[in-house]
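Student: Structural data only, the sequence is not supplied:
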């Protein structure tokens, strides 16, 4: 760990340009490497303004097929029915989750919600199976597993391997199963004891160290792509599991709408996880070589490689 | 993932008591399994009251030898000199860190602070070397490595192995080096570019997914054992790196004192990481068998096994 001493003048003359930071690599990505997120796949939650009267908006990207589509379909129906308008954020547990929904548990659910089986906590990779077969989940054919970029370290504590697919962090096992993982900002579906799987009316997001023990025990349906700090900075609840003890502490939700129904919403994009810039970014997250660092880690936890998302320039 | 169906009556008759949750295992630990934390090893930071006039206290346990003792010694001197009184929390970056100290960078430091070399980001295990030798760090002899409980999974993305030693999460490599790791709530020393290592006057704590790439790049000196939510729920800074843009946004620090100077401080204890209850707790964190869970993870990230700390009953 001792640093070699160099004459200052020599240092100035011979030092190459410093290695770019992960943020600099993302900033240098080409326009073609960014993928637009369809407004129809966004869920826009407006909380009551804060004590200073400032608006608080949280934007969530819903998961694409083949993951969790039963719950995602329910969430679309709940938003269309304006179910969440007038509900609230009810639980803020430090280093764990923020949870919202109908605190009374008495509000009528819209018609047509489906009961999703626990088997849908996972999806099949079915590598090499032909596309278009009835048995094949959309998007899970034509070599999907090849497009699952491995974590640069090749190691994951919670699975055989973890990586990225179409912009999402996933894990996989040797039984050809694949599942989304509980990183910071991921959004899941509250439920009661098994075999209940939740409807999607009660949602939470992760605001601490990735609680990966929840993977495959509870449905993940999306991730916060803007405004997570509106949830993570809320006062912690002092009741059991971080629930607010009084109605007054709850944070009112004014409305939740699909992005396609919200006027003036910015266009959001994520950095394609198939792109060269993403590969460089992931490598730089695992091996920081920018000037602050003296020792590259040699690897990165899947949840320490957050997929870059931006408002389109 | 399909659940077997059972006749409800049979289920009631045959079901054994549910497996205890990690929290229930900790609650059942014996008094002898808890270790008192000496008040002289605590740093007590009182922030200005919140908008509702409520007191905000953060209690930090400093790291024991052989880790980071140069910086820890500086921190003791800074507290004795009341250096932090009138300084502020200046940076809150979502899913990363809260940082505090002298925002003006002009306040005089007390006499006698040492400059600590980068080599002290790590310590030597020196397994089997005799105790009492001048060359041996206190506590790092007589089979310390045997007492380093491995992570129940035996896997760590950032090292050869990670585990616990005297109540602290550590990682180790094959070169007989050992170092503390950046889990949620750990406290570190802000610094400038290498070879600067920081004095300890500028401190931060982790409020998001463990930024393990900082391990061995920056000194860890302790962990928040009470009141981390007073920091993690602060408004996020909107400047670069989450720094507050204006003086008004900064959160005033009223005082920072060693625990031995604070009247009426509760007695804090941690669950011995050598205890049977801790081993059971760590196993339960890796393999949740309490009723909510349908699939045990089979492992846990070192930072998903937070060492239990409590106020003495």
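Tutor: Cool, the structure landed. Computed from a predicted structure; not experimentally measured.
Student: dump the residue contacts of residue A:241.
Tutor: A:91, A:93 (CB atoms under 8 Å, 6 or more residues apart in numbering or on different chains). (Glycine included, C-beta is placed from N, CA and C.)
Student: Look at it and give its secondary structure.
Tutor: Look at residue A:241: counting by DSSP: H, G, I helix; E, B strand; the rest coil, its state is helix.
Student: ok, it to chain B distance?
Tutor: Look at residue A:241 and chain B: by CB to the nearest CB, to the nearest Å, they are 10 Å apart.
Student: repeat for residue A:161
Tutor: With CB to the nearest CB as the criterion, residue A:161 and chain B are 12 Å apart.
Student: Give me the below-cutoff pLDDT ranges for the stretch 201-313 of chain A.
Tutor: Across the stretch 201-313 of chain A, nothing is flagged by pLDDT under 70.
Student: all strands in it, in order from the N-terminus.
Tutor: Remark: strands assigned in the stretch 201-313 of chain A by DSSP state E, counting those that start in this stretch are A:203-206, A:220-226, A:251-258, A:268-271, A:309-311.
Student: mind listing the strands for the stretch 51-200 of chain A?
Tutor: A:56-62, A:88-92, A:97-101, A:123-124, A:149-150, A:161-165, A:168-172, A:177-180, A:186-189.
Student: Quickly, which of the ones you listed bottoms out on average pLDDT?
Tutor: Of all the strands of the stretch 51-200 of chain A, the minimum mean pLDDT falls on strand A:149-150 (a mean of 64).
Student: For the stretch 51-200 of chain A, which residues are neighbours of chain B?
Tutor: Within reach of chain B by CB under 8 Å from any CB of the partner chain, the stretch 51-200 of chain A has these residues: A:51, A:92, A:94-95, A:117-119, A:121-122, A:151, A:153, A:155-158, A:183-185, A:193-195.
Student: 10 Å - rerun?
Tutor: Counting by CB under 10 Å from any CB of the partner chain, the positions of the stretch 51-200 of chain A adjacent to chain B are A:51-52, A:92-96, A:117-122, A:151-159, A:162, A:177, A:183-185, A:191-195, A:197.
Student: now the strands of the stretch 201-313 of chain A in a markdown table, with mean neighbour count and distance to residue B:236?
Tutor: Listed next are these as a markdown table, based on neighbours: other CB atoms under 10 Å in any protein chain shown; distance: least, CB to CB, whole Å:
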| stretch | mean neighbour count | distance to residue B:236 |
| --- | --- | --- |
| strand A:203-206 | 25 | 15 |
| strand A:220-226 | 24 | 13 |
| strand A:251-258 | 18 | 16 |
| strand A:268-271 | 21 | 19 |
| strand A:309-311 | 16 | 17 |
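Student: what about the stretch 51-200 of chain A, any weak spots by pLDDT?
Tutor: In the stretch 51-200 of chain A, residues with pLDDT under 70: A:125-154.
Student: any idea which helix or strand carries residue A:43?
Tutor: Element membership of residue A:43 [criterion: DSSP states H and E] is strand A:42-47.
Student: Show me what that strand packs onto, helices and strands only.
Tutor: strand A:56-62, helix A:69-80, strand A:88-92, strand A:220-226, helix A:228-232, strand A:251-258 (3 or more CB pairs under 10 Å, 6 or more residues apart in numbering or on different chains; DSSP states H and E).
Student: By neighbour count, sort out the buried ones in the residues of the stretch 51-200 of chain A next to chain B.
Tutor: Listed as buried from those are A:92-96, A:118, A:120-122, A:151-153, A:155-159, A:162, A:177, A:183-185, A:191, A:197; burial here means 16 or more other CB atoms under 10 Å in any protein chain shown.
Student: mind giving me TSV with the helices and strands packed on strand A:42-47 and columns for distance to residue B:59?
Tutor: Formatted as TSV, these follow (distance: least, CB to CB, whole Å):
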stretch	distance to residue B:59
strand A:56-62	31
helix A:69-80	41
strand A:88-92	21
strand A:220-226	31
helix A:228-232	22
strand A:251-258	28
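Student: Would you tell me which of those gets closest to residue A:244?
Tutor: Closest approach to residue A:244 among the helices and strands packed on strand A:42-47 (CB to CB): strand A:88-92, 5.9 Å.
Student: Show me what that closest one is packed up against.
Tutor: For strand A:88-92, the packing partners by 3+ CB pairs under 10 Å, 6+ apart are strand A:42-47, strand A:97-101, strand A:203-206, helix A:228-232, strand A:251-258.
Student: Pull the distance from that strand to the chain's centre.
Tutor: 19 Å (CA atoms, centre = their mean, to the nearest Å).
Student: what's the answer for stretch A:91-110, then?
Tutor: On CA atoms, centre = their mean, the centre of stretch A:91-110 falls 19 Å from that of its chain.
Student: List the contacts of the closest residue to residue A:102 other than its chain neighbours.
Tutor: Residue nearest to residue A:102 in three dimensions, not counting chain neighbours: residue A:87, with 4.8 Å by CB to CB, 6 or more residues apart in numbering or on different chains. For residue A:87, the contact set (CB atoms under 10 Å, 6 or more residues apart in numbering or on different chains) comprises A:100-104, A:107, A:201-202, A:250, A:252-254, A:256.
Student: from those, which is closest to chain B?
Tutor: residue A:202 (14.2 Å; CB to the nearest CB).
Student: so the closest one touches residue A:107, yeah?
Tutor: No. Residue A:202 lies out of contact with residue A:107 (CB atoms under 10 Å); the separation is 11.1 Å.
Student: Name the residue in these two with the higher neighbour count.
Tutor: residue A:202 (20 against 13; other CB atoms under 10 Å in any protein chain shown).
Student: residues contacting the more buried one?
Tutor: A:87, A:90-91, A:99-103, A:105, A:188-192.
Student: please redo it, this time with the cut-off set to 7 Å
Tutor: Counting by CB atoms under 7 Å, 6 or more residues apart in numbering or on different chains, residue A:202 touches A:99, A:101, A:189, A:190.
Student: How much space separates residue A:180 from residue B:297?
Tutor: Remark: distance between residue A:180 and residue B:297 (CB to CB, to the nearest Å) = 15 Å.
Student: same thing with residue A:72?
Tutor: For residue A:72, the distance to residue B:297 - CB to CB - is 24 Å.
Student: Which one's more surrounded, those two?
Tutor: residue B:297 (24 against 21).
Student: Report the separation between that one and residue B:304.
Tutor: Residue B:297 is 9 Å from residue B:304, by CB to CB.
Student: what residues are shared contacts of the two?
Tutor: Residues touching both residue B:297 and residue B:304 by CB under 7 Å, 6+ apart: A:212, A:213.
Student: Not counting sequence-adjacent ones, nearest residue to residue A:171?
Tutor: Residue A:171 sits nearest to residue A:159 (CB to CB, 6+ apart), 3.5 Å away.
Student: Can you name the residues that contact that neighbour?
Tutor: Counted by CB under 7 Å, 6+ apart, residue A:159 has contacts A:171, A:172, A:173.
Student: Fine by me, we can end here.
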